[in-house]
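Undergrad: give me the fold of what follows.
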Amino acid sequence: MSAKVLVLAGYGLNCEEETLHGFEHAGLSGQIRHINDLIENPKELETAEILAIPGGFSYGDDTGAGNAYAQKLKLALWEPLQKFIARDTLAIGICNGCQILTNLGLNPPTGTPYGERKIAVTYNETARYQCRWIDLKITSSSPWLSGIEHMHLPVAHGEGRFMMDEGTLKTLQNNSQIAAQYIKPGGTPANGEFPYNPNGSLSDIAAITDETERILTIMPHPERGMFTSQRDDYMQIKDAARRKGQAVNETADGMALFTNAARYFEIAQKKSA
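TA: You can find the predicted model right below:
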């Protein structure tokens, strides 16, 4: 498969290795690039089909989570980024990457130009860093989320609360740009209740897309929930499978995003053949 993945790194991003591993496990090839190297050679974006900004704590979140990294991207790479987005490409921001892409204005409500920030990702209502497993209902037909109804993934953030004005929220809802929402284990809405909604996010929002649905900004970590052995309930799953004489699936919910990205370009290549 020829789709090329570019995973950004540098200044406190710290999940680049796991993120690239997810894409490679799905059959894609890629490389990790420090943001300064990409600034020196922005033409690398012209040959990439997927851009991923992973989790971490860029610049120590000193000026707000993801803000400094977003400003560096905007000042040095805004035009190449716009050209990348204009092509038939995919982009994902995970946790700190979600904060970065949101600060860049790359998940705006329909009708709003890229670069205009209408959404904020701010401090958890608990005023504490939250590191726990949560459940999600998928509410988008984004290429990243195709065929997925529910996910069980970990969160690890101090600033994960999506906030916006009522008009922006309404637009996102009307145009199906809310990609995932926190739910209780039984499948009912979290309705803002902690710990099911771990940060107090408006309307239980965990992920948002742009209007093309090709750019996904997601606070939970799919790369930390790619394999069943990573799950918080792994021992229960293992014991239940053993009693039934069944094998435990190697991959878990998070891997589906990476598999979907690979499938998106596989289908596109078949259509163009």
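
Undergrad: any chance you could list what contacts the longest helix seen in the chain?
TA: If you go by DSSP state H, the chain has its longest helix at helix 67-86. For helix 67-86, contacts defined as CB atoms under 8 Å, 6 or more residues apart in numbering pick out 11, 13, 35, 38-39, 42-43, 45-46, 48, 51, 58-59, 62, 91, 96, 99-101, 103-104, 106, 114-115, 214-215. For every residue, glycine as well, the C-beta is placed using N, CA and C.

Undergrad: any of the residues you listed buried? List them.
TA: 11, 13, 35, 38, 45, 48, 51, 58-59, 91, 96, 99-101, 103-104, 106, 114, 214-215 (16 or more other CB atoms under 10 Å).

Undergrad: could you find the closest non-adjacent residue to residue 157?
TA: residue 95 (5.7 Å; CB to CB, 6 or more residues apart in numbering).

Undergrad: which ones are touching the one you found?
TA: Here residue 95 is in contact with 15, 54, 55, 56, 155, 156, 157, 160, 218, 219, 220, 221 (criterion: CB under 8 Å, 6+ apart).

Undergrad: what's the answer for residue 101, then?
TA: Contact partners of residue 101, counting by CB under 8 Å, 6+ apart, are 53, 66, 70, 91, 93, 107, 215, 217.

Undergrad: what ranges do the strands span in the protein?
TA: 4-9, 29-34, 50-53, 90-94, 120-122, 130-138, 150-157, 161-163, 178-183, 205-209, 215-218 (DSSP state E).

Undergrad: redo those strands as JSON lines? Include distance to residue 231 and mean pLDDT.
TA: Output for the strands of the chain, formatted as JSON lines (distance: least, CB to CB, whole Å; pLDDT from 0 to 100):
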{"stretch": "strand 4-9", "distance to residue 231": "23", "mean pLDDT": "98"}
{"stretch": "strand 29-34", "distance to residue 231": "25", "mean pLDDT": "97"}
{"stretch": "strand 50-53", "distance to residue 231": "22", "mean pLDDT": "98"}
{"stretch": "strand 90-94", "distance to residue 231": "18", "mean pLDDT": "98"}
{"stretch": "strand 120-122", "distance to residue 231": "25", "mean pLDDT": "97"}
{"stretch": "strand 130-138", "distance to residue 231": "7", "mean pLDDT": "98"}
{"stretch": "strand 150-157", "distance to residue 231": "7", "mean pLDDT": "98"}
{"stretch": "strand 161-163", "distance to residue 231": "25", "mean pLDDT": "98"}
{"stretch": "strand 178-183", "distance to residue 231": "17", "mean pLDDT": "98"}
{"stretch": "strand 205-209", "distance to residue 231": "18", "mean pLDDT": "98"}
{"stretch": "strand 215-218", "distance to residue 231": "18", "mean pLDDT": "98"}
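
Undergrad: among those, which comes closest to residue 254?
TA: strand 150-157 (5.8 Å; CB to CB).

Undergrad: what separation is there between residue 111 and residue 178?
TA: Distance, residue 111 to residue 178, by CB to CB, to the nearest Å: 16 Å.

Undergrad: noted, bye for now.
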